[in-house]
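K.L.:
Okay, sequence plus prediction incoming.
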Amino acid sequence: MRLSRYFLPVLKETPREAQIVSHRLMLQAGMIRQASAGIYSWLPLGYKVLRNIEKIVHEEQIRAGHIPMLMPTLQSADLWRESGRYDDYGEEMLRITDRHGRDMLYGPTNEELITDIFRSYVSSYRDLPLTLYHIQWKFRDEVRPRFGVMRGREFYMKDGYNFDLTKEDALHAYNRHLVSYLRTYERMGLQAIPMRADSGPIGGDDTHEFLVLAETGESEVFYDSAVTDLTFGDREIDYDSVEQCQSILEEFTSKYARTDETHDEAMFNAIPEERRRVARGIEVGQIFYFGTKYSDAMGATVQGPDGKSVPVHMGSHGIGVSRLVGAIIEASHDDKGIIWPEGVTPFHCGIVNLRQGDAEADGACEALYKALTDKGLEPLYDDRDERAGAKFNTMDMIGLPWRITVGPRGLKNGVVELTSRRTGESEELAPELAVARIAEIYSGV
Ligand code: ATP
Ligand code: MG
């Protein structure tokens, strides 16, 4: 993309409404625009990051054997009356009446709708296990929408639902989700720690939230600092293996890590003092096992091997896709702007032309642009007739992890400059080598 032809409405002033850094930077970098309280338009740069996150979530869900589909945003109130949640959900639910006087609602989550689909088609244990998921907009009429996309009213979420014959099978589905989530967040350059949590309106006994540590997080968290040493890495996972998924769950959840809802002072005090941490975190996902709560209420049963009809065991699992855009920025920025992890960056690298209009510099930039594009990479070429300082500031603010700077002086010696946004370190090298280096970096992402 050439910046002169792109739509990147970077703000010059610091937006006053932003209380936290991710919100401020998303507004300044022209990623989002508020449409009304807690509801945002995703401008081109923000939309690219949202899509990159969504793609990782899909890839990891499919890898774990979960099946993508799509349910609507508007749901019929009748289904929610069956589960009893139409009344329980309270004011967070946006209720709508259509022209025929039918009660509808903008879905805050989808347990009822998916259970209805399940009971309409599945009647035998032979069709289990089954995990269906979708990535769809949700609406929760939050009392205090704030922090930009972090606590919106309309937000984008992956929600998945497992259906199993027995509790053991459903707990394997739970573990499988925990493992796949660990991998998902790491691919986005994030450490998200699974913490024992409270189940809230979803219901159920077993639940973990995934938290990204950040000062601006809304949850208070208590943990053993040893959990932050754990990394998932690129392990080979057999998602059908009960033992393997169970052992990874144990590895990642045996150290103390809880949110304030389930915090246990005595257990916390049993951790060696130098490893006790009280901090704040951003919830980027949650998994639940809730047994037969919805299948009992809505009659979702299957015929077991012995011919008897039994309610299915279920769980649900959510990832806050739009919140993640903000959470990644909270975890990865400096005073100049965003620093995108390679896994989610909107463009793979920037090209800055220090002397726009100079035939040699222009030609070198065009050649770089073509070479990168030919390798399947997407550069953002700042081809505007601007001062170098202004170009650098824009690049630093929008946070592309790599920048190639092209100027007449370097070109005389046959070199361009390759700069890492994260470390600030620069290196002079021939243009072909800069292209090869960037291609190599992204080949592992
Ligand atoms: P919270 O405690 O932050 O209100 P929740 O526990 O009610 O969230 P879940 O039902 O677990 O949310 O939804 C799954 C994920 O969706 C959450 O982990 C979070 O990342 C995201 N999410 C929930 N509410 C919002 C919101 N208002 N804006 C953006 N993302 C949200
Ligand atoms: Mg939650």
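P.N.:
Received, thanks. Ligands and ions are numbered 1, 2, ... in the order given.
K.L.:
Around ligand 1, pick out the residues from the chain.
P.N.:
109, 140, 142, 151-152, 155, 157, 200, 283-286, 318, 320, 322-323 (C-beta under 6 Å from any ligand atom). In short, each C-beta sits where N, CA and C put it, glycine included.
K.L.:
I248: how many residues sit nearby?
P.N.:
Counted by other C-beta atoms under 10 Å, the residues lying close to I248 total 21.
K.L.:
now, which of the residues of the chain next to ligand 1 lie within helices?
P.N.:
Among the residues of the chain next to ligand 1, DSSP state H puts 322-323 in helices.
K.L.:
Just the buried ones from the residues of the chain next to ligand 1?
P.N.:
109, 140, 151-152, 155, 157, 283-286, 318, 320, 322-323 (16 or more other C-beta atoms under 10 Å).
K.L.:
Show me which of those is closest to R33.
P.N.:
Closest approach to R33 among these (C-beta to C-beta): G152, at 12.8 Å.
K.L.:
Could I get the pLDDT score of the residue nearest to L380 when sequence neighbours are not counted?
P.N.:
Excluding the flanking residues, the one nearest L380 by C-beta to C-beta, 6 or more residues apart in numbering is F347, at 4.0 Å. pLDDT for F347: 98.
K.L.:
My understanding was that F347 contacts L400; is that so?
P.N.:
Yes. The criterion here is C-beta atoms under 8 Å, and F347 meets it with L400 at 5.4 Å.
K.L.:
Overlap in contacts, those two.
P.N.:
Residues within reach of F347 and of L400 at once, by C-beta atoms under 8 Å, 6 or more residues apart in numbering, are L380.
K.L.:
ok so, going back, taking the residues of the chain next to ligand 1, tell me the two that lie furthest apart.
P.N.:
Checking the residues of the chain next to ligand 1 with C-beta to C-beta, the most distant pair is G200 and S322, at 19.6 Å.
K.L.:
so how far is ligand 1 from Y106?
P.N.:
From Y106 over to ligand 1 the distance is 13 Å, taken as C-beta to the nearest ligand atom, to the nearest Å.
K.L.:
who's in contact with that residue?
P.N.:
73-75, 93-94, 96, 138-139.
K.L.:
so what's the residue of the stretch 301-445 of the chain at minimum distance from ligand 1 bridging to?
P.N.:
At 2.1 Å from ligand 1, G320 is the closest residue in the stretch 301-445 of the chain, using C-beta to the nearest ligand atom. Using DSSP bridges, the bridge partners assigned to G320 are M157.
K.L.:
Pull up the pairing partners for the top strand by length along the chain, direction included.
P.N.:
Secondary structure of the chain read by DSSP state E shows that its longest strand is strand 276-291. Here strand 276-291 is paired, per DSSP bridges, with strand 206-213 (antiparallel), strand 219-224 (antiparallel), strand 313-320 (antiparallel).
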